[in-house]
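# Compute the structure for the input listed below.
(3 chains)
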Amino acid sequence: MKLRKKIALGLVLTMGLTMFAGCGGNDAQQDAEQTGGDAAAAIKVGGTGPLTGGASIYGLAVQRGAEIAVEEVNALGGVQFELKMEDDAHDAEKAVNAYNALKDWGMQLSLNSVTTTPGIATSELNNEDRIFGLTPSASGTKVTEGKDNVFQMCFADPNQGSASAKYISEQQLGSKIAVIYKNDDAYSSGIYEKFKAEANALGLAIVSETTFTTDSQNDFSVQLQDAKNAGADLLFLPMYYDAASLILNQANAMGYAPKFFGVDGMDGILTLEGFDTSLAEGVMLLTPFSADAEDELTKNFVAKYQDKYGEVPNQFAADAYDCIYALHQACTAAGATADMSAEELNDLMVEQFTTMTFDGLTGTGATWSADGQITKDPKGMVIQNGAYVGM
Amino acid sequence: MNLKTMNKTTRSNMVTYLMVIIAFVIVQALVSSGSISSSLKGQLVPICAYIVMAVSLNLTVGVLGELSLGHAGFMSVGAFSGVVAAICFGQTIENSVAVLILAMLVGGCAAAVVGVLVGVPVLRLSGDYLAIVTLAFGEIIKGIANNLYVGMDANGLHFCMIKNTLEMTDGTMLINGPMGLTGIPRIATFAMGFALIMVCLFVIFNLVNSKSGRAIMALRDNKIAAQSVGINVTNYKLMAFVISAAMAGMAGVLFAANFSTVVASKFDINTSILVLVFVVLGGLGNMRGSIIAATVLTVLPEVLREFSEYRMLVYAIVLIVMMLATNNPTLKNAIGSFTGKFSRNAEKGEKANG
Amino acid sequence: MEFLFNLISGVSLGSIYAIIALGYTMVYGIAKMLNFAHGDVIMVGAYICFFATMRFGMPPLAGVLLSMAVCTLLGIIIERMAYKPLRQAPALAVLITAIGMSYFLQNAAQLLWTSSPKVFQSVVGTINGQTGIALFDGALSISYVTIVTIIVCVIIMVSLVTFVNKTKTGKAMRAVSEDKGAAQLMGINVNTTISLTFAIGSALAAIAGVLLCSAYPTLVPTTGAMPGIKAFTAAVFGGIGSIPGALIGGILLGIIEIFAKAYISTQLSDAIVFAVLIVVLLVKPTGLLGKKVSEKV
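This next block holds a predicted model:
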C-alpha cells in the first residue's frame, strides 16, 4: 500500500517533469530571445500582460510583437533594448506583483500593461515611481488620466466609439443601429458608452442595446433576436473577435444578415483557425492595423511573426511592435543611454513623446497629447473574399 | 502568566499570536532597512487580506463545518461599500489611518448585513447544497456589483443600476459598473493589515473558546446530539457565518485600499476557491495553518516567475502534490508529533461535512 | 413567436448543460466527489476532436470516438494519480486536488495548443445545406446540433439508468455509493468501481465537449470552465446524483437563462439564474429530483 502510494506520487511528479521536458527546448529558445542584445548596454524595458489564462492571447501577442521589434532595433546598432514581459493574468493584483517584479529586475522603461484593468493599477505605480509607461493596448481612459508619464499606443476607447459613430453617420451605413457589447469588459463598455453619446448627437437611431458577460459568452440568440425584431440594419460590435465570430455564426444560422461593424478588437477574425471566412463577408471594421496591408513594413512584420510563431499577428502584436519603435525613436532623439536612471529617462521620454511624430505599423503621423492619448487615423476596412479591403 | 499552567488551547493560541507578531516585526525591520524586494513589499497588504480571508473562512468551514464557495462575495461587498465610505470620510478626515478604520467598520458592517440576509435562508441547507447556494450567492453579488453605478457630487452620493443614468454636472463616478472602482485612495498599510489579522485572531480564538464556540463546534460534530441538548441551530450557525462575513468584508476593504482599482469580477468563484484552498491546505479549524498556507500560496506564484509561461502549470502541480503529501498517512504520522491537533480537527470537521 | 424562439434557444442551451451535468452527476453519485476538473476534461475532448477532424482529416464520428478514448484514458490517469491516493482523506482534500487538476489541465492545454481560439467545425453535418429545421416559413429554426444533443442526452440518460440499475457492475456502483466499507466487505472492488465511474464520466465529458463546441464553436483552453460550473449548478438544481435530474436541471437552467436575458435583463441574467436556483433549493432542499436524506441519529 505504502509503496503504491509512493509510486503514484512519483508518477505525478514525472508527469509534471515530462511536461517540462516536452516543452523545454522551446523555453530555452524563448529565454534567449528575451535577452536579445548586449545586456550590459541595453535599456531594460518591462511590461505586464496576461500570458496565462483566458486573456493570454492578447498578452502573448504583445510579448511576441515586442520581441520581434526589439530584435530588429538591436540589430540597428543604436540604442539597445532588453525586454521582459511578466504575467499578470488580466488581474490588477497580479499586475502590481508583476510590475514590482520588473522593478526588482531593474526596469527603466515600461510597457505598462496589456489590458485596461491591470493598466489602471500599474499606471498609478508608473506615475509614483517615475518610470515612463507606454502601453501598447490598455485603451481605457483611466489608464492615462491624471498621469503625466503614461502614454497609449492604441486608440483610447472613447475615440474608437466616437470615430465609429461618425464613420457610420458620414457613410450612411445604417439608419437603425443595434449594439451588442460585453458588459463586464472595460474595453467593450467604454467604446459603447462613447458610441452611444456620439450617435445620439449625430442623430443615429440606436434601436437595440444588449449585453453579454464573460460567463455568458456562448449564446447570443436573445441579443440577435432583439436586434432583428427591432429591425436593425447595422449591428455594431465593440468587442474582440472571439466573441464576434460566435455572433456572426449564430446570426447566419438565424438567417439574420444586417451590416456588421466592428472596432480594432475585431481584427484577427480572418485568421481564426477553422473559421469560415465567408461568414465575415461584408463585415466592416475600423482598425489601425491590418495584417493584409501591402506596405513593406507590415509585410516584413507579418512574415517574421509567422515565421517565428506560426500565427498571423493581430493588432496587439502590431501595437507592441510600434511601442518598441516609438521608444527607440524617442531614446535616439533624446540621446538616452542605458546607464541613465529610470527617472532621468522618464523626463526625457515625456518631453519627446509630447513633441514627436511617429510613423509605424498602426498609423503614420501619430502624435501624443500631454494627457497621453494618441492621435492617428483609423482605417475603415471591409472584408471581401476573405481579405481586408480599404473602404 | 506561566506557560506551563496554561491549558493546551491557550498555549497554542499564544504561539499563533506570537508567530504573527514576530513575522510582523521581522518584515517591518526588513522594510525599514530597505532590504526587501519591491515584489515582496507590494504583496504585504494582499497577504494580510488573504490571511484574514482564510481565517474567517476557516471559521465557517473548519469551526462551523459548512462548506462555503462564495466567501469572495462578502469580500466584494466590503470592498465596494468600504471604499465608497473611505472616499466620503476622506473629504472631512485628514488622518488616513482613521479613514481606513472607519471604512473597514463600514465594509465589515455591510458584509455582516449581507451575511444575515444570505445566512437566514441558506443555512437551513447543508453539505453540497449549501456550498452551491453560497457559490450562487457569490455570483449574484458579482452580477449586481458589475451593474452598479455610484457617483458623488456636491449633493452627496447617487446610485443607479444597470444603465448609467446618473446625470451629474460636476461629480465624479466612484463605482462605474463593470469598470469597477477607480481612483481608490491607497491608504492600506502593512501595519493596518497586521492589526486586522490580530483583531480577527483575537475574535476567533475567543469565540471558539466561549460557550457559543463550543455550541458551534457541537453542531459541527453532531447536529442532532447538539440539538437534543437545546442548542439553537439557526442562531449559532448564523453567528459564526455573520462573524466570518464581517471579517471577509474588512479584508475586502484592506485589499481594495491597496490598489487604485478594483473590479467586481475579481471577487468571483476563483477567488473564493483560492481562499478555500488556503483553508484546506492549512488544516480545517487550524488558524495557524491557514495563516501559513495563505502566505505561502500567495507568495508562491511570484517565486515561480522564473518558470515564465510554465508558472501556473507548476503552481497546479505543487498544489496537487501538496494535497497528496499532506494527506499521505506516512508523512502525516511523521509531522503528527507537533501538529497533532490539526489532523484531529480536520477529521472532526470532515465528519460533519461528509 | 418570440416566446417560441426563446424557448427553442433555451432548450438548445439547456441540452448542452444537461449533457455536461450528466457526467458531473454520475461521478458525484457514485464517488461522492465534486470533480471540478470535469469541465476541463470536456475542453480536452473538444481539442482532440478538433485536431482529429481538422488537422488529420478524420471523419467526425471517428473524431468523436478517438476523443472519447483519449478522455477515458485521461480520466483513469487523473483518478489513479490524483484522487485514488486520497481515498481515505477528507472529501475537501479531494475537492482541492480536483481544483488543482483543473488548473493543471487548463495550463497544459494553453502550452500545448496555445490560447488562440480555434473555431470548431460542427460534427453534426448539414442536410441540403441547412444547419437546422426551419419552421413557420423560416421564422424559427431548430438546429440539428440541438436535436442531436437532446437525442444523445436521452440515450445517455436511459443507458446510464439501465446500466446502474440492471447490470451487476451497476449494482456494485450503487453499493459503493451507499457505503464503501460495506461494499468492500461484500467483495466489491471499490477502487475498480470508482475508476470505472471516472472512465464513464470522462467518456461522457468527451461527447459533451464535442457537442458544446458544435453548438458554440469557439474553442480556447478555458472553454470548459464556465459551462462546467453552470452544469454543476444544473446538476444540483435537478438533484445531484440523480441521472434524470441532471437532464431536467440542465434544460431548465438553459431555459431560465434565456428567458432571463430576453424578458428581464441581459446584464443580470446570470444573477437571475442563480437567484432562481437559490429559491428552488430553499423550497426543495435536495433539488428537483434529489433523494430526501433522512437524518440518522
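# which sections of chain B are below the confidence cut-off?
Along chain B, segments meeting pLDDT under 70 span B:1-6, B:162-171, B:331-354.
# Which residue is the nearest non-sequential neighbour of the residue in the stretch 101-250 of chain B that chain C sits nearest to?
Nearest residue of the stretch 101-250 of chain B to chain C, counting by CB to the nearest CB: residue B:143, 3.1 Å away. Placement of C-beta: from N, CA and C, glycine included. Using CB to CB, 6 or more residues apart in numbering or on different chains and skipping the chain neighbours, the partner closest in space to residue B:143 is residue C:271 (3.1 Å).
# Can you pull the phi and psi angles for that neighbour?
Residue C:271 has phi and psi values of phi -60, psi -40 when expressed as degrees, to the nearest 10.
# Tell me how many other residues crowd it.
23 (other CB atoms under 10 Å in any protein chain shown).
# That one contacts residue B:139, doesn't it?
Yes: under the criterion of CB atoms under 8 Å, residue C:271 makes contact with residue B:139 at 6.8 Å.
# all helices of the stretch 201-350 of chain A, in order?
A:221-229, A:241-254, A:296-309, A:315-334, A:342-355 (DSSP state H, counting those that start in this stretch).
# which strands and helices sit next to the first one?
Here helix A:221-229 touches strand A:176-182, strand A:205-212, helix A:241-254, helix C:2-31, going by 3 or more CB pairs under 8 Å, 6 or more residues apart in numbering or on different chains; DSSP states H and E.
# closest one to residue B:66 among those?
Residue B:66 lies closest, by CB to CB, to one member of the helices and strands packed on helix A:221-229: helix C:2-31, at 18.3 Å.
# Who are the packing partners of the closest one?
Judged by 3+ CB pairs under 8 Å, 6+ apart, helix C:2-31 is in contact with helix A:221-229, helix C:38-50, strand C:140-143, helix C:144-166, helix C:168-178, helix C:190-215, helix C:225-238, helix C:243-259.
# lowest-confidence stretch among the ones you listed?
Comparing mean pLDDT across these, the weakest is strand C:140-143, with a mean of 78.
# Parallel or antiparallel, which strands does that strand pair with?
strand C:132-135 (antiparallel) (DSSP bridges).
# Other residues contacting the strand it pairs with?
A:253, C:140-147 (CB atoms under 8 Å, 6 or more residues apart in numbering or on different chains).
# any chance of those residues in a markdown table, with neighbour count too?
Listed next are the contacts of strand C:132-135 as a markdown table, based on neighbours: other CB atoms under 10 Å in any protein chain shown:
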| residue | neighbour count |
| --- | --- |
| A:253 | 17 |
| C:140 | 17 |
| C:141 | 19 |
| C:142 | 16 |
| C:143 | 22 |
| C:144 | 18 |
| C:145 | 24 |
| C:146 | 24 |
| C:147 | 16 |
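# hang on, the earlier thing: report the secondary structure state of the residue of the stretch 101-250 of chain B closest to chain C.
Secondary structure, DSSP: H, G, I helix; E, B strand; the rest coil: residue B:143 is helix.
# Can you pull up the most central residue in chain A?
Chain A has residue A:316 as the residue nearest its centroid, 3.3 Å off, counting by CA atoms, centre = their mean.
# quick one, what contacts the residue of the stretch 151-300 of chain A found nearest chain B?
Scanning the stretch 151-300 of chain A for the residue nearest chain B gives residue A:184, at 4.4 Å (criterion: CB to the nearest CB). Residue A:184 sits next to A:213-214, B:146, B:178, B:263-265 when contact means CB under 8 Å, 6+ apart.
# What distance do you get for residue B:60 to residue A:56?
33 Å (CB to CB, to the nearest Å).
# what does residue A:161 give?
Going from residue A:161 to residue A:56 by CB to CB gives 26 Å.
# Let me see the ranges of the strands in the stretch 101-250 of chain A.
Ranges of strands in the stretch 101-250 of chain A, per DSSP state E, counting those that start in this stretch, are A:109-113, A:132-135, A:150-152, A:176-182, A:205-212, A:234-237.
# As JSON lines, those strands with mean pLDDT and mean neighbour count would be great.
Converted to JSON lines, these look like this (pLDDT from 0 to 100; neighbours: other CB atoms under 10 Å in any protein chain shown):
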{"stretch": "strand A:109-113", "mean pLDDT": "91", "mean neighbour count": "30"}
{"stretch": "strand A:132-135", "mean pLDDT": "91", "mean neighbour count": "30"}
{"stretch": "strand A:150-152", "mean pLDDT": "90", "mean neighbour count": "28"}
{"stretch": "strand A:176-182", "mean pLDDT": "91", "mean neighbour count": "24"}
{"stretch": "strand A:205-212", "mean pLDDT": "88", "mean neighbour count": "20"}
{"stretch": "strand A:234-237", "mean pLDDT": "91", "mean neighbour count": "26"}
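# Export the ones you listed as a markdown table, with columns for distance to residue A:126.
Supplementary listing: the strands of the stretch 101-250 of chain A in a markdown table, determined by distance: least, CB to CB, whole Å:
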| stretch | distance to residue A:126 |
| --- | --- |
| strand A:109-113 | 6 |
| strand A:132-135 | 4 |
| strand A:150-152 | 5 |
| strand A:176-182 | 27 |
| strand A:205-212 | 31 |
| strand A:234-237 | 32 |
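# quick one, which of those strands is nearest to chain C?
Among the strands of the stretch 101-250 of chain A, the nearest to chain C by CB to the nearest CB is strand A:205-212 (4.6 Å).
# In the stretch 101-250 of chain B, mark out all the helices, start to finish.
Listed in chain order (using DSSP H, counting those that start in this stretch), the helices of the stretch 101-250 of chain B are B:127-145, B:190-208, B:211-221, B:223-228, B:233-256.
# okay but residue A:348 is in contact with residue A:336, surely?
Yes: applying CB under 8 Å, one finds residue A:348 in contact with residue A:336, separated by 5.6 Å.
# Could you check which of the two is surrounded by more residues?
Between residue A:348 and residue A:336, counting by other CB under 10 Å, residue A:336 is the more crowded of the two (21 against 18).
# so what pLDDT did the more buried one get?
pLDDT recorded at residue A:336 is 84.
# same thing with the one 10 residues further on?
Per-residue confidence at residue A:346 stands at 89 (pLDDT).
# Quick check: residues of the stretch 151-297 of chain C near chain B?
Residues of the stretch 151-297 of chain C found near chain B (CB under 8 Å from any CB of the partner chain) are C:229, C:232-233, C:236, C:240, C:265, C:267-268, C:270-271, C:274-275, C:277-278, C:281-282, C:285-287, C:295, C:297.
# The residues you listed, buried ones only, as a PyMOL selection?
Listed next is the PyMOL selection for buried residues among these, using 16 or more other CB atoms under 10 Å in any protein chain shown:
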select buried, chain C and resi 229+232+233+236+240+265+267+268+270+271+274+275+277+278+281+285+286+287
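# Residue C:198 is in contact with residue C:77, isn't it?
No: counting by CB under 8 Å, residue C:198 stays clear of residue C:77, with 9.6 Å between them.
# So the two - more neighbours on which side?
Between residue C:198 and residue C:77, residue C:198 has the larger neighbour count (other CB under 10 Å), namely 29 against 14.
# quick one: the more buried one from chain B, how far?
Remark: distance between residue C:198 and chain B (CB to the nearest CB, to the nearest Å) = 16 Å.
# so what's that residue closest to, chain neighbours aside?
Spatial nearest neighbour of residue C:198, excluding adjacent residues (CB to CB, 6+ apart): residue C:79 at 4.1 Å.
# I figured that neighbour hits residue C:195, correct?
Yes: assessed by CB under 8 Å, residue C:79 is found in contact with residue C:195 at 5.4 Å.
# So between the two, which is more surrounded?
The residue with more neighbours, out of residue C:79 and residue C:195, is residue C:79; 23 against 18, by other CB under 10 Å.
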